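Colleague: sequence below, structure please.
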Amino acid sequence: MIKIRIDVDYAYSSRWKSFLYTALKRKTKRGYLKNSKTIAKMINDSPVEVKAYWFFTPYTLPDAEMLELINSDKHEIALHVIVDAYKELKKLEEATNFQVKYYTIHGTERLLGKIIWRRKLSQTKASIPKDFPLKSFYDFPTLALDRVCYDYSTEEALEIAYNSIEKNDGLHVHPDWLFQRGKMNHRGSYYDSLKEILKVDYELEELEVRKRRFITIGKYSEHFEYTKDVNPSERLFDKLKSRDVDIFTFVERGWCSPLAFTPSSKWGKIEDNIALLQITSFNEWLEKIGKKTRNMIRKAEKCGIIVEVAEPSDKLAEGIWRIYNETPIRQERAFSHFGSSLESVKDMVFSAKNCTFISAYVEDELAGFIQLVYGDNLVITTQILSLQKHWDKSVNNAMLAKAVEICAKNNHEWLMYGRMGKGSNHPSLDKFKENNGFIRYPLNRYYVTLSKKGQIAVKMGLHQQIKDRLPESLKPKAILIYNCISRAKIKRKHF
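Modeller: Okay, the predicted model is just below:
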C-alpha cells in the first residue's frame, strides 16, 4: 500500500491569497482547497492500493465538497497543529464529525509565518501536551516528494519515490505545491510524479498549458493532438479546470476517424488545416508526383546519397547536432534549434518513442534526417532537415521518398507534414509538399471555454494567434517583417 501524508497548511493554490485569508481568518468558496480536491480525486480514481492521511489546520477545515471526496476507506482525517492542540482537535472533530487518530505540527522559521499563524515570535512550532490523545505521525518515516521534485527531474524523482515505497515509507506532500515551484522553501511541482505513482490522469498526457495574454490555453502537443482521438467529456473538462485552464483547444481527426462526439453549440470553432498524403502503394505515389520530382529523387541517388532507417545512436545524434548548428537562419527566419547542445540532442534521440529516424548520408557525413512519429491511423513527419551545403543533391526529396516507402510497406495510409496553404506561412515549403503529393486538408479546430475569462477571450478573438487572424492579403508583408525581426533576435543572441 502507498501511504501519503498530506499537510494542508494553506487553503489556496495562490500563496499570497492563502497568507491574506489566513491572516484575516476568512475564506472564499472560489478556489478553496482546490489543489487538495484535485489530489483527492486522483486518489479516488487510482487503481493502486493507497491510503491518504489528510492533516488539516483550523484555517483549512474541509468543506462539504472536500468531505464528500474523502469519505472512503482510502482517506483518513488528521490534525495539523498550529498553536493550541486541544482547541484545534475539538474544532476539527466538530467540523468533520470524524474521530481523529494522528497529528503533525506546522512549523515555520519565518517572521511572516509566525505573524499569520498568531504564534509567539520566539516560537517556531507549537508544543504538544504530554497527555495529548493523538499519535504522532512522525513515528512513520516519509519522503518529502515535493522537495525531491524540486531537486530532481520527474524520472529521477519517481525512482527515488519508488525506492521509498518499496521500503514501506510514506510520501509527504503539501497541496499548494502540486502545480507550482517554490523559491524560498525549495519545493517543486510534483503533479507529474504523483499521477504516475497513482496511475491516473492518462487523458492529460502530453497536455501543454500556456499563458497567452491574460488567459491560459490547454492543448495537447502537436504529435499527440493529431495522432490520438480526443474524448471531450465533462470529466476531462473538470480536470482541465483544476489546472486553471481557461480554454481547451483540439482538432477533429475526420480524415481517418469518424467523429466520436457531438460538438456543443457553445464551443468556438475555426477552420484549420494540415498537409496530408494518402498512401496506397509506393509505386502509385511515384506515378502521381510527376516527372520533375521523380528526377530529383534519382538525382540524390546519383549524387551518392544513401538513405536508410537509422537506429538511435551517438553517431546519429552528433550528425543531427551538426545540422542544427550549421546555420542560425533557415527559410529566411531564425532557426529555433540553432545553439542546441550535443547533450540535449542526444536526450531527444534516445528518449524518442513511437518513431523512426530516416538518415541520409554522403559518404560518412549525415546530410539530412527525418523523424517519423506513429499514431492511430496517422504518421507525422516532425522534422525534415538537411545540411545546406548538400541542398543541390535533393536530399529532402530522397528522404521523403523513403518515408513514403516505409509507410506503404507497413500499411500506414496517412502521412502528415504540418500545415499547408492558409496558416502555414511557408510558401516555398508548401510548394515542396505539393510537388510530393500532399494536399491541403481542411479540418475543424474547437475551442472549449472553461471559465468566464475564456468566454470573453473567445468573443474578442484573443484565443487565436495573431498570424492566424491576419487577412490573407496582409500575410506576405507580415511574413517578411516577422522573418526580419526573428533574424535580428537570433543574431543578437548568438553573435
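
Colleague: who touches Phe137 in this structure?
Modeller: Phe137 makes contact with 5, 53, 55, 78, 102-104 under the criterion C-beta atoms under 8 Å, 6 or more residues apart in numbering. C-betas here are computed from N, CA, C, even on glycine.

Colleague: ok, Glu318 - contacts?
Modeller: 342, 345, 366.

Colleague: drop anything exposed from these.
Modeller: 345, 366 (16 or more other C-beta atoms under 10 Å).

Colleague: show me the contacts of Glu318 that map onto strands.
Modeller: Leu366 (DSSP state E).

Colleague: ok, residues contacting stretch 64-79?
Modeller: Taking C-beta under 8 Å, 6+ apart as the rule, stretch 64-79 contacts 33, 36-37, 40-41, 43-44, 50-56, 62, 85, 88-89, 92, 96, 98, 100-104, 134, 137.

Colleague: just the buried residues from these, in PyMOL please.
Modeller: To isolate the buried subset of these in PyMOL, counting by 16+ other C-beta under 10 Å, use the following:
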select buried, resi 33+36+37+40+41+43+44+50+52+53+54+55+56+62+85+88+89+92+96+98+100+102+103+104+134+137
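
Colleague: now intersect the contacts of stretch 64-79 with the helices, please.
Modeller: Per DSSP state H, helices hold the following members of the contacts of stretch 64-79: 36-37, 40-41, 43-44, 85, 88-89, 92, 96.

Colleague: go through the residues you listed and name the one nearest Glu203.
Modeller: Minimum distance to Glu203 across those is 12.8 Å, recorded for Lys41 (C-beta to C-beta).

Colleague: please name the nearest non-neighbouring residue to the closest one.
Modeller: Of all residues not flanking Lys41 in the chain, Leu69 sits nearest, at 6.5 Å (C-beta to C-beta, 6 or more residues apart in numbering).

Colleague: ok, Tyr59 next?
Modeller: Here the residue nearest Tyr59, using C-beta to C-beta, 6+ apart, is Thr22, at 4.9 Å.

Colleague: the closest residue to Val251 other than its chain neighbours: what's it in contact with?
Modeller: The shortest distance from Val251 to any non-neighbouring residue, by C-beta to C-beta, 6+ apart, is to Arg445 (5.0 Å). If you count contacts by C-beta under 8 Å, 6+ apart, Arg445 has them with 249-251, 269-272.

Colleague: what's the most distant pair in those residues?
Modeller: Most distant of those, by C-beta to C-beta, are Phe250 and Glu271, 14.4 Å apart.

Colleague: more crowded one of the two?
Modeller: Using other C-beta atoms under 10 Å, the more surrounded residue of Phe250 and Glu271 is Phe250, with 22 against 10.

Colleague: contacts only, for the more buried one.
Modeller: Phe250 touches 219-220, 225, 230, 232, 445-446, 448, counting by C-beta under 8 Å, 6+ apart.

Colleague: which one of the residues you listed sits closest to Lys302?
Modeller: For these, the nearest to Lys302 is Glu225 (39.3 Å; C-beta to C-beta).

Colleague: right, and that closest one touches Gly218 too?
Modeller: No. If you go by C-beta atoms under 8 Å, Glu225 and Gly218 don't touch, sitting 11.2 Å apart.

Colleague: looking at these two, which one has more neighbours?
Modeller: Between Glu225 and Gly218, counting by other C-beta under 10 Å, Gly218 is the more crowded of the two (24 against 20).

Colleague: ok, so what distance separates the residue nearest to Lys41 from Pro62?
Modeller: 8 Å (C-beta to C-beta, to the nearest Å).

Colleague: overlap in contacts of Glu225 and Gly218?
Modeller: With C-beta under 8 Å, 6+ apart, Glu225 and Gly218 have no common neighbours.

Colleague: next up, the contacts around Lys315.
Modeller: Counted by C-beta under 8 Å, 6+ apart, Lys315 has contacts Leu366.

Colleague: mean confidence score for the helix or strand encompassing it?
Modeller: Assessed by DSSP states H and E, Lys315 sits inside helix 314-324. Taken as a whole, helix 314-324 has an average pLDDT of 96.

Colleague: again, but for stretch 441-453
Modeller: 92.

Colleague: run the chain-centre distance for that stretch.
Modeller: 18 Å (C-alpha atoms, centre = their mean, to the nearest Å).

Colleague: quick one: low-confidence parts of the stretch 51-200 of the chain?
Modeller: Scanning the stretch 51-200 of the chain for pLDDT under 70 picks out the ranges 109, 113-114, 123.

Colleague: residue ranges for the strands of it, please.
Modeller: Ranges of strands within the stretch 51-200 of the chain are 75-81, 102-105, 135-136, 142-144, 170-173, based on DSSP state E, counting those that start in this stretch.

Colleague: about what we covered before: got a ChimeraX select line for the buried ones in the contacts of Arg445?
Modeller: One line in ChimeraX is enough to select the buried ones among the contacts of Arg445; burial here means 16+ other C-beta under 10 Å:
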select :249,250,251,272
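
Colleague: pipe the contacts of Arg445 into CSV and attach distance to Asn168 per row.
Modeller: As requested, those are exported to CSV (distance: C-beta to C-beta, whole Å):
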residue, distance to Asn168
Thr249, 44
Phe250, 42
Val251, 46
Lys269, 52
Ile270, 53
Glu271, 56
Asp272, 51
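
Colleague: a markdown table for the contacts of Arg445, including pLDDT and distance to Arg243?
Modeller: Below are those laid out as a markdown table (pLDDT from 0 to 100; distance: C-beta to C-beta, whole Å):
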| residue | pLDDT | distance to Arg243 |
| --- | --- | --- |
| Thr249 | 94 | 14 |
| Phe250 | 92 | 15 |
| Val251 | 90 | 20 |
| Lys269 | 89 | 23 |
| Ile270 | 88 | 23 |
| Glu271 | 87 | 27 |
| Asp272 | 87 | 23 |
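
Colleague: just the contacts of Arg445 now: which is nearest Lys491?
Modeller: Using C-beta to C-beta, the contacts of Arg445 come closest to Lys491 at Asp272, 32.5 Å.

Colleague: element containing the closest one?
Modeller: Using DSSP H and E, Asp272 falls in strand 268-278.

Colleague: any chance of the strands of the stretch 51-200 of the chain in JSON lines, with distance to Lys489 too?
Modeller: Shown next, in JSON lines, are these (distance: least, C-beta to C-beta, whole Å):
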{"stretch": "strand 75-81", "distance to Lys489": "49"}
{"stretch": "strand 102-105", "distance to Lys489": "50"}
{"stretch": "strand 135-136", "distance to Lys489": "57"}
{"stretch": "strand 142-144", "distance to Lys489": "41"}
{"stretch": "strand 170-173", "distance to Lys489": "40"}
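
Colleague: of all these, which one is nearest Ser164?
Modeller: Using C-beta to C-beta, the strands of the stretch 51-200 of the chain put strand 142-144 closest to Ser164, at 4.1 Å.

Colleague: so what are the sheet partners of the closest one and their directions?
Modeller: Sheet partners assigned to strand 142-144 using DSSP bridges are listed as strand 170-173 (parallel).

Colleague: can you list the buried residues in the strand it pairs with?
Modeller: So for strand 170-173, counting by 16+ other C-beta under 10 Å, buried means 170-173.
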